[in-house]
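Peer 1: Got a predicted model here, sequence first, then my questions.
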Amino acid sequence: MFVLAAIAATVAAASAVEWLLAHWWIPLALALVAALAGGAWFTRRRRRAQWEEVRARGLRYGPEQLDALHHTRFEDAIRDLMLRDGCRDATRVGGGGDLGADVKATDPYGRRWVIQCKHRRKGAAGSAVGTPDLQVLNGTARQVHGADIAVIVTNGRVTAPALTFAKQQRLHVVDRRTLTVWASGSRPLWELLRALPPPRKPTSLS
């Protein structure tokens, strides 16, 4: 049985070789088609990456645009701004059970950012962000999410006690004024905030 199987396999292989020699242009054509398809796919991917890079570099939001967003889209906007600034792993994680983290990112200096977003549909006329919101961030950003920099971002106002608490606990507040400068300009957020921890690693930016 084994001998018969070996003979059959040899005959089949010989037939396949003979067929390929007689129709050599078919595998050549298939290889050419595959190469063209692969080249087209690579070109599309490269162009898409280039477009995304250009889009991210030119990303701008005015305060009225941010006010008009749904709160989840506001979180997306903050993530995209971090991507624009060079945080390649910026991710929106907001939602039920997010434990105070709506956006996470690592900046070019290796520092881990945890951002809590507080969107106000009425902007500056909406309810102010208070101390309880900062307490949630303070309780989870470092212990749960491993933050080097814990930030709360709002398109509205922040109460004076909340600002005092943030300073005491080394939290960073991005209120409407700072958010407007950041979102409508081109400077990364870490250039707009004070008392940030030192870089974790040397980069071309340090």
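Peer 2: That came in fine, so what should we check first? Residues are numbered from 1 along each chain as shown.
Peer 1: so how far is Ala128 from the spatially most central residue of the chain?
Peer 2: The centre of the chain sits closest to Ala90, judged by C-alpha atoms, centre = their mean, with a distance of 2.8 Å. Ala90 sits 27 Å away from Ala128, going by C-beta to C-beta, to the nearest Å. Every C-beta, even on glycine, is put in place using the N, C-alpha and C of the backbone.
Peer 1: Show me which residues of the helix or strand where Gln65 lies are buried.
Peer 2: Using DSSP states H and E, Gln65 sits in helix 63-67. For helix 63-67, burial by neighbour count (16 or more other C-beta atoms under 10 Å) applies to 63, 66-67.
Peer 1: closest to Val33 among those?
Peer 2: Leu66 (48.2 Å; C-beta to C-beta).
Peer 1: Let me see the contact set for the residue nearest to Leu83 when sequence neighbours are not counted.
Peer 2: Counting by C-beta to C-beta, 6 or more residues apart in numbering, Ala90 is the residue found nearest to Leu83 once chain neighbours are left out, at 4.7 Å. Residues near Ala90 by C-beta atoms under 8 Å, 6 or more residues apart in numbering: 79-80, 82-83, 103-105.
Peer 1: Outline the domain layout of the protein.
Peer 2: The chain breaks down into these domains under automatic domain parsing: 2-57, 63-191.
Peer 1: No further queries at this time; thank you.
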